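In: only the shape, not the letters, is given here:
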(Lines give C-alpha, C1' and ligand atoms only; values in the text may rest on other atoms or scores of the structure.)
Protein backbone atom coordinates (compact mmCIF):
# COMPACT_ATOMS: atom_id res chain seq x y z
CA UNK A 1 0.00 0.00 0.00
CA UNK A 2 1.11 3.53 -0.63
CA UNK A 3 1.24 6.34 1.82
CA UNK A 4 -2.05 7.67 0.42
CA UNK A 5 -4.06 4.43 0.61
CA UNK A 6 -5.78 5.25 3.91
CA UNK A 7 -8.45 7.81 4.78
CA UNK A 8 -7.74 10.41 7.47
CA UNK A 9 -10.09 8.53 9.83
CA UNK A 10 -8.11 5.33 9.33
CA UNK A 11 -4.81 7.17 9.81
CA UNK A 12 -6.07 8.57 13.12
CA UNK A 13 -7.06 5.05 14.21
CA UNK A 14 -3.62 3.76 13.25
CA UNK A 15 -1.94 6.45 15.37
CA UNK A 16 -4.12 5.59 18.38
CA UNK A 17 -3.29 1.88 18.13
CA UNK A 18 0.42 2.58 17.63
CA UNK A 19 0.35 4.87 20.65
CA UNK A 20 -1.13 2.07 22.75
CA UNK A 21 1.53 -0.37 21.50
CA UNK A 22 4.27 2.19 22.20
CA UNK A 23 3.04 2.59 25.79
CA UNK A 24 3.63 -1.10 26.51
CA UNK A 25 7.41 -0.60 26.79
CA UNK A 26 7.37 2.20 29.39
CA UNK A 27 4.65 0.44 31.38
CA UNK A 28 6.68 -2.78 31.37
CA UNK A 29 9.68 -0.91 32.80
CA UNK A 30 8.13 1.62 35.18
CA UNK A 31 5.07 -0.16 36.57
CA UNK A 32 6.95 -2.88 38.43
CA UNK A 33 9.68 -0.63 39.92
CA UNK A 34 7.70 0.14 43.13
CA UNK A 35 7.34 -3.60 43.70
CA UNK A 36 11.11 -4.21 43.98
CA UNK A 37 11.20 -4.42 47.82
CA UNK A 38 8.24 -6.82 47.95
CA UNK A 39 9.70 -8.92 45.13
CA UNK A 40 13.02 -9.13 46.95
CA UNK A 41 11.30 -10.32 50.14
CA UNK A 42 9.14 -12.84 48.33
CA UNK A 43 11.97 -14.32 46.25
CA UNK A 44 14.44 -14.10 49.17
CA UNK A 45 17.04 -11.98 47.35
CA UNK A 46 18.30 -8.41 47.61
CA UNK A 47 16.67 -5.45 45.89
CA UNK A 48 19.78 -5.00 43.74
CA UNK A 49 19.41 -8.61 42.59
CA UNK A 50 15.87 -7.82 41.44
CA UNK A 51 17.45 -5.08 39.33
CA UNK A 52 18.94 -7.83 37.15
CA UNK A 53 15.45 -8.46 35.80
CA UNK A 54 15.48 -4.86 34.52
CA UNK A 55 18.88 -5.43 32.94
CA UNK A 56 17.66 -8.55 31.15
CA UNK A 57 14.66 -6.59 29.90
CA UNK A 58 16.90 -3.91 28.36
CA UNK A 59 19.04 -6.62 26.74
CA UNK A 60 15.91 -8.17 25.26
CA UNK A 61 14.74 -4.83 23.88
CA UNK A 62 18.08 -4.13 22.20
CA UNK A 63 18.58 -7.59 20.68
CA UNK A 64 14.91 -8.07 19.83
CA UNK A 65 14.69 -4.95 17.72
CA UNK A 66 17.55 -6.15 15.53
CA UNK A 67 15.77 -9.49 15.08
CA UNK A 68 12.42 -7.94 14.17
CA UNK A 69 13.84 -5.43 11.68
CA UNK A 70 14.27 -7.80 8.71
CA UNK A 71 11.31 -9.95 9.81
CA UNK A 72 8.76 -7.14 9.55
CA UNK A 73 10.21 -6.16 6.18
CA UNK A 74 9.96 -9.76 4.93
CA UNK A 75 6.58 -10.85 6.35
CA UNK A 76 4.76 -7.55 6.87
CA UNK A 77 4.10 -5.46 9.96
CA UNK A 78 0.87 -6.87 11.38
CA UNK A 79 1.71 -10.62 11.61
CA UNK A 80 4.91 -9.91 13.54
CA UNK A 81 3.14 -7.51 15.91
CA UNK A 82 0.61 -10.23 16.71
CA UNK A 83 3.33 -12.84 17.27
CA UNK A 84 5.35 -10.46 19.45
CA UNK A 85 2.35 -9.50 21.58
CA UNK A 86 1.41 -13.17 22.02
CA UNK A 87 4.97 -13.92 23.19
CA UNK A 88 4.81 -10.93 25.56
CA UNK A 89 1.46 -12.16 26.95
CA UNK A 90 2.79 -15.66 27.65
CA UNK A 91 5.95 -14.28 29.29
CA UNK A 92 3.88 -11.90 31.44
CA UNK A 93 1.85 -14.82 32.76
CA UNK A 94 5.13 -16.57 33.50
CA UNK A 95 6.46 -13.54 35.39
CA UNK A 96 3.33 -13.49 37.54
CA UNK A 97 4.05 -17.03 38.78
CA UNK A 98 7.86 -16.95 38.67
CA UNK A 99 9.11 -19.14 41.54
CA UNK A 100 12.65 -17.73 41.67
CA UNK A 101 14.82 -14.80 40.64
CA UNK A 102 16.44 -16.77 37.82
CA UNK A 103 13.05 -17.56 36.31
CA UNK A 104 12.02 -13.91 36.63
CA UNK A 105 15.20 -12.72 34.87
CA UNK A 106 14.68 -15.19 32.03
CA UNK A 107 10.98 -14.42 31.62
CA UNK A 108 11.62 -10.66 31.61
CA UNK A 109 14.08 -11.26 28.76
CA UNK A 110 11.39 -13.16 26.84
CA UNK A 111 8.84 -10.47 27.70
CA UNK A 112 11.12 -7.82 26.19
CA UNK A 113 11.75 -9.93 23.09
CA UNK A 114 7.99 -10.01 22.54
CA UNK A 115 7.12 -6.45 23.51
CA UNK A 116 9.83 -4.67 21.54
CA UNK A 117 8.15 -5.57 18.23
CA UNK A 118 5.83 -2.62 18.79
CA UNK A 119 8.78 -0.22 19.05
CA UNK A 120 10.17 -1.35 15.68
CA UNK A 121 6.88 -1.77 13.85
CA UNK A 122 5.31 1.50 15.02
CA UNK A 123 8.17 3.57 13.58
CA UNK A 124 8.14 1.55 10.35
CA UNK A 125 4.35 1.89 10.00
CA UNK A 126 4.56 5.66 10.45
CA UNK A 127 7.15 5.71 7.67
CA UNK A 128 4.87 3.47 5.53
CA UNK A 129 1.60 5.38 5.73
CA UNK A 130 2.44 9.03 6.31
CA UNK A 131 4.05 11.47 3.87
CA UNK A 132 7.52 12.68 4.82
CA UNK A 133 6.02 16.04 5.79
CA UNK A 134 3.84 14.40 8.47
CA UNK A 135 6.17 11.79 10.00
CA UNK A 136 7.74 14.15 12.56
CA UNK A 137 4.29 15.33 13.69
CA UNK A 138 3.17 11.73 14.11
CA UNK A 139 6.30 10.85 16.10
CA UNK A 140 5.44 13.85 18.34
CA UNK A 141 2.10 12.23 19.14
CA UNK A 142 3.83 8.95 19.99
CA UNK A 143 6.32 10.91 22.12
CA UNK A 144 3.31 12.23 24.07
CA UNK A 145 2.50 8.66 25.06
CA UNK A 146 6.14 8.02 25.98
CA UNK A 147 5.98 11.08 28.26
CA UNK A 148 2.69 10.25 29.96
CA UNK A 149 3.47 6.59 30.67
CA UNK A 150 6.40 7.22 33.08
CA UNK A 151 4.21 9.64 35.06
CA UNK A 152 1.32 7.27 35.72
CA UNK A 153 2.97 3.83 35.52
CA UNK A 154 4.94 3.97 38.84
CA UNK A 155 1.89 5.35 40.66
CA UNK A 156 -0.35 2.60 39.31
CA UNK A 157 2.30 -0.02 40.02
CA UNK A 158 2.77 1.22 43.59
CA UNK A 159 -0.97 1.10 44.30
CA UNK A 160 -1.34 -2.38 42.80
CA UNK A 161 1.69 -3.74 44.66
CA UNK A 162 0.51 -2.31 47.99
CA UNK A 163 -3.07 -3.55 47.63
CA UNK A 164 -2.73 -6.85 45.77
CA UNK A 165 0.96 -7.79 45.73
CA UNK A 166 3.65 -7.45 43.07
CA UNK A 167 2.51 -10.46 41.05
CA UNK A 168 -0.74 -8.65 40.25
CA UNK A 169 1.30 -6.06 38.30
CA UNK A 170 2.09 -8.77 35.76
CA UNK A 171 -1.58 -9.76 35.62
CA UNK A 172 -2.30 -6.18 34.55
CA UNK A 173 0.46 -6.29 31.92
CA UNK A 174 -1.02 -9.59 30.68
CA UNK A 175 -4.43 -7.95 30.34
CA UNK A 176 -2.88 -5.00 28.48
CA UNK A 177 -1.22 -7.39 26.03
CA UNK A 178 -4.50 -9.21 25.44
CA UNK A 179 -6.34 -5.95 24.74
CA UNK A 180 -3.58 -4.85 22.36
CA UNK A 181 -3.74 -8.18 20.54
CA UNK A 182 -7.45 -7.64 19.92
CA UNK A 183 -6.95 -4.02 18.87
CA UNK A 184 -4.23 -4.95 16.39
CA UNK A 185 -6.05 -7.98 15.01
CA UNK A 186 -9.37 -6.21 14.44
CA UNK A 187 -8.34 -2.57 14.05
CA UNK A 188 -4.87 -2.21 12.55
CA UNK A 189 -4.65 -2.47 8.75
CA UNK A 190 -1.51 -3.86 7.18
CA UNK A 191 0.66 -0.96 6.01
CA UNK A 192 3.17 -3.01 4.03
CA UNK A 193 2.58 -6.61 3.03
CA UNK A 194 5.16 -9.39 2.69
CA UNK A 195 8.17 -8.60 0.53
CA UNK A 196 9.79 -11.77 -0.82
CA UNK A 197 12.75 -9.76 -2.06
CA UNK A 198 13.85 -9.37 1.57
CA UNK A 199 16.08 -12.31 2.41
CA UNK A 200 16.35 -13.74 5.92
CA UNK A 201 19.59 -15.56 5.19
CA UNK A 202 22.23 -14.37 7.69
CA UNK A 203 24.51 -13.61 4.76
CA UNK A 204 21.87 -11.19 3.44
CA UNK A 205 20.64 -9.67 6.71
CA UNK A 206 24.05 -8.38 7.74
CA UNK A 207 24.68 -6.61 4.40
CA UNK A 208 21.18 -5.10 4.66
CA UNK A 209 22.09 -3.56 8.01
CA UNK A 210 25.44 -2.45 6.58
CA UNK A 211 23.60 -0.72 3.74
CA UNK A 212 21.51 1.20 6.27
CA UNK A 213 24.64 2.17 8.19
CA UNK A 214 26.23 3.44 4.98
CA UNK A 215 23.53 6.12 4.78
CA UNK A 216 25.28 9.08 6.38
CA UNK A 217 22.13 11.01 7.27
CA UNK A 218 20.80 7.94 9.10
CA UNK A 219 23.96 7.68 11.18
CA UNK A 220 24.17 11.35 12.09
CA UNK A 221 20.53 11.79 13.09
CA UNK A 222 20.25 8.40 14.78
CA UNK A 223 23.30 9.09 16.93
CA UNK A 224 22.14 12.64 17.60
CA UNK A 225 18.75 11.43 18.84
CA UNK A 226 20.29 8.51 20.73
CA UNK A 227 22.80 10.71 22.55
CA UNK A 228 20.12 13.24 23.52
CA UNK A 229 17.94 10.40 24.80
CA UNK A 230 20.94 8.91 26.63
CA UNK A 231 21.12 12.19 28.56
CA UNK A 232 17.63 11.34 29.81
CA UNK A 233 18.87 7.87 30.87
CA UNK A 234 21.67 9.58 32.83
CA UNK A 235 19.05 11.69 34.58
CA UNK A 236 16.86 8.67 35.37
CA UNK A 237 19.85 6.73 36.74
CA UNK A 238 21.26 9.56 38.85
CA UNK A 239 18.26 11.60 39.97
CA UNK A 240 16.99 9.31 42.79
CA UNK A 241 20.32 9.69 44.60
CA UNK A 242 20.69 13.41 43.77
CA UNK A 243 17.27 14.44 45.02
CA UNK A 244 16.40 11.89 47.74
CA UNK A 245 19.88 11.36 49.23
CA UNK A 246 21.80 14.57 48.57
CA UNK A 247 18.90 17.00 48.88
CA UNK A 248 16.64 15.03 51.22
CA UNK A 249 13.53 14.96 49.04
CA UNK A 250 10.78 12.57 50.12
CA UNK A 251 9.55 9.93 47.69
CA UNK A 252 6.46 12.01 46.92
CA UNK A 253 8.53 15.18 46.41
CA UNK A 254 10.85 13.29 44.08
CA UNK A 255 7.77 12.07 42.23
CA UNK A 256 6.79 15.69 41.61
CA UNK A 257 10.26 16.42 40.20
CA UNK A 258 10.05 13.34 37.98
CA UNK A 259 6.59 14.42 36.85
CA UNK A 260 7.75 17.98 36.07
CA UNK A 261 10.46 16.64 33.78
CA UNK A 262 8.06 14.25 32.09
CA UNK A 263 5.67 17.15 31.54
CA UNK A 264 8.55 19.09 29.97
CA UNK A 265 9.05 16.19 27.55
CA UNK A 266 5.33 16.20 26.74
CA UNK A 267 5.26 19.99 26.29
CA UNK A 268 8.22 19.95 23.91
CA UNK A 269 6.82 17.11 21.80
CA UNK A 270 3.46 18.82 21.41
CA UNK A 271 4.89 22.28 20.69
CA UNK A 272 6.98 20.54 18.05
CA UNK A 273 3.83 19.76 16.08
CA UNK A 274 3.09 23.47 15.78
CA UNK A 275 6.71 24.38 15.08
CA UNK A 276 6.71 21.99 12.12
CA UNK A 277 4.07 24.14 10.40
CA UNK A 278 6.68 26.92 10.11
CA UNK A 279 10.12 25.29 10.13
CA UNK A 280 11.79 22.11 8.88
CA UNK A 281 12.63 19.13 11.10
CA UNK A 282 16.36 19.70 10.60
CA UNK A 283 16.17 23.33 11.70
CA UNK A 284 13.98 22.62 14.73
CA UNK A 285 16.17 19.76 15.95
CA UNK A 286 19.33 21.86 15.47
CA UNK A 287 17.95 24.75 17.53
CA UNK A 288 16.61 22.41 20.22
CA UNK A 289 19.93 20.57 20.42
CA UNK A 290 21.76 23.89 20.82
CA UNK A 291 19.48 24.99 23.66
CA UNK A 292 19.78 21.55 25.28
CA UNK A 293 23.57 21.75 25.16
CA UNK A 294 23.58 25.23 26.72
CA UNK A 295 21.31 24.01 29.52
CA UNK A 296 23.40 20.86 30.14
CA UNK A 297 26.72 22.74 30.18
CA UNK A 298 25.27 25.43 32.47
CA UNK A 299 23.95 22.71 34.79
CA UNK A 300 27.33 20.98 34.85
CA UNK A 301 29.29 24.22 35.40
CA UNK A 302 26.94 25.43 38.12
CA UNK A 303 27.15 22.15 40.03
CA UNK A 304 30.92 21.97 39.61
CA UNK A 305 31.28 25.48 41.02
CA UNK A 306 28.88 24.66 43.86
CA UNK A 307 26.74 27.74 43.18
CA UNK A 308 23.60 26.11 41.77
CA UNK A 309 20.73 25.58 44.24
CA UNK A 310 18.42 22.60 43.88
CA UNK A 311 15.81 24.83 42.24
CA UNK A 312 18.36 25.66 39.55
CA UNK A 313 19.12 21.99 39.02
CA UNK A 314 15.42 21.28 38.51
CA UNK A 315 15.09 24.23 36.11
CA UNK A 316 17.90 23.09 33.83
CA UNK A 317 16.66 19.49 33.93
CA UNK A 318 13.21 20.61 32.77
CA UNK A 319 14.78 22.65 29.95
CA UNK A 320 16.86 19.62 28.94
CA UNK A 321 13.81 17.34 28.83
CA UNK A 322 11.67 19.90 27.00
CA UNK A 323 14.32 20.12 24.28
CA UNK A 324 14.32 16.32 24.03
CA UNK A 325 10.62 16.56 23.19
CA UNK A 326 11.63 18.50 20.07
CA UNK A 327 14.74 16.47 19.23
CA UNK A 328 13.31 12.94 19.51
CA UNK A 329 10.49 13.14 16.93
CA UNK A 330 12.52 15.13 14.40
CA UNK A 331 15.67 13.02 14.53
CA UNK A 332 13.51 9.87 14.20
CA UNK A 333 11.81 11.29 11.11
CA UNK A 334 15.10 12.45 9.59
CA UNK A 335 16.77 9.09 10.29
CA UNK A 336 14.06 7.12 8.50
CA UNK A 337 13.50 9.63 5.68
CA UNK A 338 15.81 7.90 3.13
CA UNK A 339 14.18 4.46 3.53
CA UNK A 340 11.14 2.79 2.03
CA UNK A 341 12.30 -0.69 0.96
CA UNK A 342 13.97 -1.55 4.28
CA UNK A 343 12.35 0.86 6.73
CA UNK A 344 11.95 -1.98 9.24
CA UNK A 345 15.68 -2.69 9.36
CA UNK A 346 16.42 1.04 9.68
CA UNK A 347 13.86 1.38 12.49
CA UNK A 348 15.34 -1.63 14.28
CA UNK A 349 18.87 -0.25 14.10
CA UNK A 350 17.73 3.14 15.33
CA UNK A 351 15.89 1.63 18.29
CA UNK A 352 18.78 -0.68 19.15
CA UNK A 353 21.26 2.22 19.12
CA UNK A 354 18.98 4.24 21.40
CA UNK A 355 18.68 1.46 23.96
CA UNK A 356 22.34 0.38 23.85
CA UNK A 357 23.70 3.92 24.20
CA UNK A 358 21.13 4.73 26.87
CA UNK A 359 21.96 1.61 28.87
CA UNK A 360 25.70 2.35 28.54
CA UNK A 361 25.32 5.92 29.81
CA UNK A 362 23.09 4.89 32.74
CA UNK A 363 25.67 2.23 33.62
CA UNK A 364 28.44 4.84 33.57
CA UNK A 365 26.46 7.01 36.00
CA UNK A 366 26.49 4.10 38.45
CA UNK A 367 30.12 3.22 37.69
CA UNK A 368 31.38 6.74 38.40
CA UNK A 369 29.15 7.25 41.44
CA UNK A 370 31.11 9.26 44.00
CA UNK A 371 28.45 10.61 46.32
CA UNK A 372 27.97 13.84 44.35
CA UNK A 373 25.78 15.16 41.55
CA UNK A 374 28.71 15.28 39.11
CA UNK A 375 28.47 11.85 37.39
CA UNK A 376 24.89 12.59 36.34
CA UNK A 377 25.40 16.18 35.13
CA UNK A 378 28.77 15.56 33.43
CA UNK A 379 27.37 12.66 31.40
CA UNK A 380 24.28 14.70 30.52
CA UNK A 381 26.56 17.45 29.21
CA UNK A 382 28.68 14.96 27.26
CA UNK A 383 25.55 13.50 25.64
CA UNK A 384 24.17 16.93 24.75
CA UNK A 385 27.43 18.13 23.19
CA UNK A 386 27.76 14.88 21.25
CA UNK A 387 24.18 15.19 20.02
CA UNK A 388 24.81 18.76 18.86
CA UNK A 389 27.94 17.73 16.95
CA UNK A 390 25.94 15.02 15.18
CA UNK A 391 23.17 17.53 14.41
CA UNK A 392 25.72 19.80 12.75
CA UNK A 393 26.99 16.85 10.72
CA UNK A 394 23.48 15.98 9.60
CA UNK A 395 22.77 19.56 8.61
CA UNK A 396 25.96 19.67 6.53
CA UNK A 397 24.96 16.43 4.74
CA UNK A 398 21.52 17.84 3.91
CA UNK A 399 23.02 21.04 2.52
CA UNK A 400 25.33 19.06 0.23
CA UNK A 401 22.55 16.79 -1.05
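Out: Sure thing, it's come through. None of these values were measured; they are calculated from a predicted model.
In: make it CA atoms for all contacts and neighbour counts henceforth
Out: Noted.
In: and the gap between the closest residue to residue 126 other than its chain neighbours and residue 197?
Out: Closest residue in space to residue 126, ignoring its immediate chain neighbours: residue 135 at 6.4 Å, by Cα to Cα, 6 or more residues apart in numbering. Going from residue 135 to residue 197 by Cα to Cα, to the nearest Å gives 26 Å.
In: now swap in residue 112 and tell me
Out: Distance of residue 112 to residue 197, computed by Cα to Cα: 28 Å.
In: rewinding a little: neighbour count winner among residue 135 and residue 197?
Out: Remark: of residue 135 and residue 197, residue 135 carries more neighbours, 23 against 9, as counted by other Cα atoms under 10 Å.
In: what about that one, distance to residue 337?
Out: For residue 135, the distance to residue 337 equals 9 Å [Cα to Cα].
In: okay, and the common contacts of these two?
Out: Taking Cα atoms under 8 Å, 6 or more residues apart in numbering as the contact rule, the neighbours common to residue 135 and residue 337 are residue 127.
In: after the worst-scoring helix or strand of the chain on mean pLDDT, which helix or strand is next? Please name it.
Out: Ranked by mean pLDDT, DSSP states H and E, the helix or strand of the chain with the weakest confidence is helix 132-164, at a mean of 78. Later in the chain than helix 132-164, the nearest helix or strand by DSSP states H and E is helix 167-187.
In: what are the contacting residues of that next one?
Out: Helix 167-187 has contacts (Cα under 8 Å, 6+ apart) with 13-14, 17, 20-21, 24, 27-28, 31-32, 78, 81-82, 85-86, 88-90, 92-93, 95-97, 157, 160-161.
In: how about it: buried residues?
Out: 167-174, 176-178, 180-181, 184 (16 or more other Cα atoms under 10 Å).
In: ok, now stretch 78-95?
Out: Neighbour-count burial for stretch 78-95 flags 78-82, 84-95 (criterion: 16+ other Cα under 10 Å).
In: now stretch 189-201
Out: For stretch 189-201, burial by neighbour count (16+ other Cα under 10 Å) applies to 190, 191, 192, 198.
In: check stretch 9-22 too.
Out: By 16+ other Cα under 10 Å, the buried positions in stretch 9-22 come out as 11, 14, 15, 16, 17, 18, 19, 20, 21, 22.
In: what helix or strand is the third one on?
Out: Secondary structure from DSSP H and E places residue 15 in helix 8-30.
In: off-centre distance for that helix?
Out: Taking Cα atoms, centre = their mean, to the nearest Å, one finds helix 8-30 lying 13 Å from the centre of the chain it belongs to.
In: same check on stretch 137-152?
Out: On the basis of Cα atoms, centre = their mean, stretch 137-152 sits 10 Å off its chain's mean C-alpha point.
In: again with stretch 347-362
Out: Here stretch 347-362 is found 9 Å from its chain centre; the criterion is Cα atoms, centre = their mean.
In: okay, buried residues for that stretch please.
Out: Across stretch 347-362, burial judged by 16+ other Cα under 10 Å covers 347-359, 361-362.
In: got it, and stretch 64-72?
Out: Neighbour-count burial for stretch 64-72, counted by 16+ other Cα under 10 Å, picks out 64, 65, 66, 67, 68, 69, 70, 71, 72.
In: and stretch 206-218, what's buried?
Out: By 16+ other Cα under 10 Å, the buried positions in stretch 206-218 come out as 208, 209, 212, 213, 217, 218.
In: looking at those, which is nearest residue 284?
Out: Ranked by distance to residue 284 (Cα to Cα), the buried residues of stretch 206-218 are led by residue 217 at 16.0 Å.
In: now do the nearest residue to the closest one once chain neighbours are set aside, the pLDDT please.
Out: Nearest non-adjacent residue to residue 217, counting by Cα to Cα, 6+ apart: residue 394, 5.7 Å away. At residue 394, the pLDDT value in this model is 87.
In: and if you look at the one 5 residues further on?
Out: Confidence per residue is given as pLDDT, and for residue 399 that number is 78.
In: tell me which element it falls in.
Out: Per DSSP H and E, residue 399 falls inside helix 374-400.
In: gap between residue 108 and residue 38?
Out: Relative to residue 38, and taking Cα to Cα, residue 108 is found at 17 Å.
In: low-confidence ranges in the stretch 101-250 of the chain?
Out: Scanning the stretch 101-250 of the chain for pLDDT under 70 picks out 146-147, 150-151.
In: hmm, back to that, nearest to residue 142, of the buried residues of stretch 206-218?
Out: Nearest member of the buried residues of stretch 206-218 to residue 142, counting by Cα to Cα, is residue 218, at 20.2 Å.
In: contacts only, for that closest one.
Out: Residue 218 neighbours (Cα under 8 Å, 6+ apart): 212, 334, 335, 336, 338.
In: okay, now the second one: neighbour count?
Out: Using other Cα under 10 Å, residue 334 has 22 other residues around it.
In: for the closest residue in space to it that isn't next to it in sequence, list the residues it contacts.
Out: Using Cα to Cα, 6+ apart and skipping residues adjacent in sequence, the residue nearest residue 334 is residue 221, 6.5 Å away. Going by Cα under 8 Å, 6+ apart, residue 221 touches 331, 332, 334, 335, 390, 391, 394.
In: what strand or helix carries residue 221?
Out: For residue 221, the host element (DSSP H and E) is helix 216-239.
In: elements contacting the very next helix or strand once past that helix?
Out: Scanning forward in sequence from helix 216-239 by DSSP H and E, the next helix or strand is helix 251-275. Packing partners of helix 251-275 (3 or more Cα pairs under 8 Å, 6 or more residues apart in numbering; DSSP states H and E): helix 132-164, helix 310-336.
In: buried sites along helix 251-275?
Out: In helix 251-275, counting by 16+ other Cα under 10 Å, buried: 254-255, 257-270, 272-273, 275.
In: nearest to residue 246 among the buried residues of stretch 206-218?
Out: Closest approach to residue 246 among those (Cα to Cα): residue 218, at 40.0 Å.
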